[in-house]
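Novice: Next comes the sequence, and after it the predicted model I'd like to discuss.
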Amino acid sequence: MNTSLSILRILPEVILCVTGALIMLVEPFLAPTTSRKSLGWLAVLGVLGALVASLYQYQLAPGTAYFGVFQTDPFSVFFYVLICGIVLASLLIALDSTSDSTSGLGEYFALACFGATGMLLMTSAVELLLVFIGLEISSISTYILAGFRRKSAKGPEAAIKYFLLGSFATAFFLYGIALIFGATGTTAIYDIAAKLGSSQMPLLAVIGLGMILIGLGFKVSAVPFQVWTPDVYEGAPSPVVALMSTAPKAAAFAVLLRILYGALPTLHAHWVPIVWWLAVLSMTVGNLGALRQKNVKRLLAYSSIAHAGYILVAFTALSADGIAAASFYTVSYAAMNVGVFAVVSHVGGFDDRLTLIEDYRGLAWRSPLLGGAMAFFLISLIGIPFTGGFFGKFYVFSAALHSGFIWLAVIGLANSGIAAFYYLRVATAIYSKAPESSPIASVPRATVPLLFALLITVAATLILGIVPGKILGVAKAGAATYPSVNASAPETTAAGR
């Protein structure tokens, strides 16, 4: 084994771990009156280093490291870059909305780095036990971050709900791994696929598949495993929601793609109908739930449930186009969702002083930059052309149509129409005239970290909407790493006709 090459294959994780540990070691030596925001900039530098290391990995030939449990390939590097970009933007949002008096900032920035490490491990792991370890590292960090507003009753409540339900979901995931091991005698993802054909206990593998879907369904907020989402989004600080609503989901979708297409392609007749219904229920419940919301963060929580459904539509395609579409949509959703929370975090502050849709009435008149940016992201979430959201939905629904899932695409388009109503309701409030007594009468001036965060998210959304070919090409290169999708797609199931 080439040790230096093995280190290069996990270099982003190493950089993030060292950064998090360095933050924890440095903070005790800072005077009580010294601003902890310098630790945030240290975290930003660490994430930038991990991002550069991830881009460097594109030059490495695909291969494994450390006894075959890690794999570097175009698919893993695609999600490495995405997760590092999300964490970078969320750290900038936190630097904007926090103040020197905010307690525990050092722990906040260290936990963000450690959580990102777990997410990267999930995307590169080709061994189910390593996936579980990465999932736990990511989950524990986000559980703590969700309850970071200790002075608010909603903060600890959000953390406890997230922890309890997340623990049950993680247990299901681990039981699923155990059953898969019982059916095949291995937990290596590609060995599972090879041994399932000769397994004498396929039913055990099917039950294990169901438990894994439950565990990962919780992480991506798919219905019926979404009950934690609105309360946790409302109780957690907005910078934390910007992170937890995108990066852990991106990692979970990457894991789900690896397991379904890498380990269990022969069980497609069992998991395609399940994913079909998960997509339909998530889109429908998410959008209908968002219609009733007056709280911006709860509305965005139900919106995230619906977008998880859109991504799951692509999973049913059983083709390289489906994998590429799911990957592309994950990028576009991350860019526009982080952008929305950047504005929400700046306007409402770390303590979420403004939470209702009516509180944002007249934002564009008070701050044309923030109002225009938020309206732009809302338009992209609808799926208007020349935005990342448009091409994300276009590729997802096209993949479903090409695989014969016509009704699934029709249901998705209908749900997109429903979503336009509540997104436009927020956009209308932003551009409406507000009374002088409006809570948003005084909008804080945009800071340098906020401007950088908005630049990243706006640029990404525009690039994905105007010249999507480059990103889609990279996503297709990642999809090509799965041998099962190079064969002809299996016959469409009755559920999708």
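Specialist: Everything's here; your move. All of these numbers come straight from a predicted model, not from anything done at the bench.
Novice: Going by C-alpha atoms from here, please, whenever you check contacts or count neighbours.
Specialist: Fine.
Novice: how about the closest residue in space to Val344 that isn't next to it in sequence, what does it touch?
Specialist: For Val344, ignoring the flanking residues on the chain, the nearest one in space by C-alpha to C-alpha, 6 or more residues apart in numbering is Ser238 at 6.9 Å. Listed by C-alpha atoms under 8 Å, 6 or more residues apart in numbering, the contact set of Ser238 reads 341-342, 344-345, 350, 352.
Novice: again, only this time at 7 Å
Specialist: 341, 344-345, 350 (C-alpha atoms under 7 Å, 6 or more residues apart in numbering).
Novice: so which of those would you say is closest to Gly322?
Specialist: Using C-alpha to C-alpha, Phe341 comes nearest to Gly322 of the contacts of Ser238, at 28.2 Å.
Novice: Got the confidence number for the closest one?
Specialist: pLDDT, Phe341: 94.
Novice: same deal with Gly496?
Specialist: 41.
Novice: just how off-centre is the one helix or strand Phe79 maps to within its chain?
Specialist: Using DSSP states H and E, Phe79 sits in helix 74-97. On the basis of C-alpha atoms, centre = their mean, to the nearest Å, helix 74-97 sits 10 Å off its chain's mean C-alpha point.
Novice: what do you get for stretch 36-48?
Specialist: With C-alpha atoms, centre = their mean, you get 22 Å for stretch 36-48.
Novice: And the average pLDDT for it is what?
Specialist: For stretch 36-48, the mean pLDDT works out to 91.
Novice: Name the residues that touch it?
Specialist: 15-16, 19, 23, 84, 88, 91, 95, 100, 105-106, 109, 113.
Novice: can you map out the helices along the stretch 1-150 of the chain?
Specialist: Using DSSP state H, counting those that start in this stretch, the helices found in the stretch 1-150 of the chain span residues 3-9, 11-26, 37-56, 74-97, 105-124, 128-146.
Novice: okay if I get those as TSV plus mean neighbour count?
Specialist: Output for the helices of the stretch 1-150 of the chain, formatted as TSV (neighbours: other C-alpha atoms under 10 Å):
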stretch	mean neighbour count
helix 3-9	16
helix 11-26	20
helix 37-56	20
helix 74-97	26
helix 105-124	27
helix 128-146	22
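Novice: With Phe386 as the reference, name the closest of these.
Specialist: When the helices of the stretch 1-150 of the chain are compared by C-alpha to C-alpha, helix 74-97 sits nearest Phe386, at 20.7 Å.
Novice: Quick one: list the elements packing against the closest one.
Specialist: Helix 74-97 sits against helix 37-56, helix 105-124, helix 238-244, helix 320-348, helix 448-466, helix 469-479, with contacts defined as 3 or more C-alpha pairs under 7 Å, 6 or more residues apart in numbering; DSSP states H and E.
Novice: list the helices and strands the second one packs on?
Specialist: If you count contacts as 3+ C-alpha pairs under 7 Å, 6+ apart, helix 105-124 packs onto helix 11-26, helix 37-56, strand 70-72, helix 74-97, helix 128-146, helix 247-257.
Novice: repeat for the last one
Specialist: Helix 469-479 is packed against helix 74-97, helix 320-348, with contacts defined by 3+ C-alpha pairs under 7 Å, 6+ apart.
Novice: returning to what we had before: out of the contacts of Ser238, which comes closest to Pro32?
Specialist: Phe350 (20.8 Å).
Novice: Would you quantify the distance from the closest one to Ala236?
Specialist: 9 Å (C-alpha to C-alpha, to the nearest Å).
Novice: Please say which of the two ends up with more neighbours.
Specialist: Ala236 (31 against 23; other C-alpha atoms under 10 Å).
Novice: pretty sure Ala110 is touching Gly20, no?
Specialist: Yes: between Ala110 and Gly20 there is a contact under C-alpha atoms under 7 Å: 4.3 Å.
Novice: Longest helix of the chain, counting residues only.
Specialist: The residue-count maximum for a helix in the chain (DSSP state H) belongs to helix 154-184.
Novice: Check the average confidence over that one, would you?
Specialist: The average pLDDT within helix 154-184 is 89.
Novice: Any idea how far it is from the middle of the chain?
Specialist: Counting by C-alpha atoms, centre = their mean, helix 154-184 comes out at 18 Å from the chain centroid.
Novice: Against which helices or strands is that helix packed?
Specialist: helix 128-146, helix 189-196, helix 202-219, helix 229-235.
Novice: Output the contacting helices and strands for the longest one.
Specialist: Packed against helix 128-146, as judged by 3+ C-alpha pairs under 7 Å, 6+ apart, are the following elements: helix 105-124, helix 154-184, helix 238-244.
Novice: for the third one, same thing?
Specialist: In terms of contacts (3+ C-alpha pairs under 7 Å, 6+ apart), helix 202-219 is packed against helix 154-184, helix 247-257.
Novice: ok, and which of those helices has the densest surroundings?
Specialist: helix 247-257 (a mean of 25; mean count of other C-alpha atoms under 10 Å).
Novice: returning to what we had before: could you export the helices and strands packed on helix 74-97 as CSV, including distance to Leu378?
Specialist: Compiled in CSV, these are given as follows (distance: least, C-alpha to C-alpha, whole Å):
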stretch, distance to Leu378
helix 37-56, 27
helix 105-124, 26
helix 238-244, 15
helix 320-348, 8
helix 448-466, 11
helix 469-479, 22
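Novice: Pipe the helices and strands packed on helix 469-479 into JSON lines and attach distance to Gly147 per row.
Specialist: Converted to JSON lines, the helices and strands packed on helix 469-479 look like this (distance: least, C-alpha to C-alpha, whole Å):
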{"stretch": "helix 74-97", "distance to Gly147": "15"}
{"stretch": "helix 320-348", "distance to Gly147": "16"}
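Novice: Of those, which is nearest Gly362?
Specialist: Gly362 sits nearest to helix 320-348 of all those, at 12.2 Å, using C-alpha to C-alpha.
Novice: next structured bit after that closest one?
Specialist: Downstream of helix 320-348, the next assigned helix or strand under DSSP H and E is helix 363-366.
Novice: With the flanking residues excluded, which residue is spatially nearest to Tyr108?
Specialist: Leu145 (6.8 Å).
Novice: Please look at that neighbour and Ala242 and confirm they touch.
Specialist: No: the criterion here is C-alpha under 7 Å, and Leu145 misses it with Ala242 at 11.5 Å.
Novice: Using JSON lines, please lay out the helices and strands packed on helix 202-219 together with distance to His307.
Specialist: Shown next, in JSON lines, are the helices and strands packed on helix 202-219 (distance: least, C-alpha to C-alpha, whole Å):
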{"stretch": "helix 154-184", "distance to His307": "20"}
{"stretch": "helix 247-257", "distance to His307": "11"}
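Novice: can you give me how far whichever strand or helix holds Met374 is from the chain middle?
Specialist: Element membership for Met374, per DSSP H and E: helix 368-382. Centroid separation between helix 368-382 and its chain, computed with C-alpha atoms, centre = their mean, is 20 Å.
Novice: So which elements touch that helix?
Specialist: Using 3+ C-alpha pairs under 7 Å, 6+ apart, helix 368-382 is in contact with helix 320-348, helix 363-366, helix 388-402, helix 406-430.
Novice: Next, the buried residues of the third one.
Specialist: To tie it back to what came earlier, the one meant is helix 388-402. Neighbour counts over helix 388-402 (16 or more other C-alpha atoms under 10 Å) mark 388-401 as buried.
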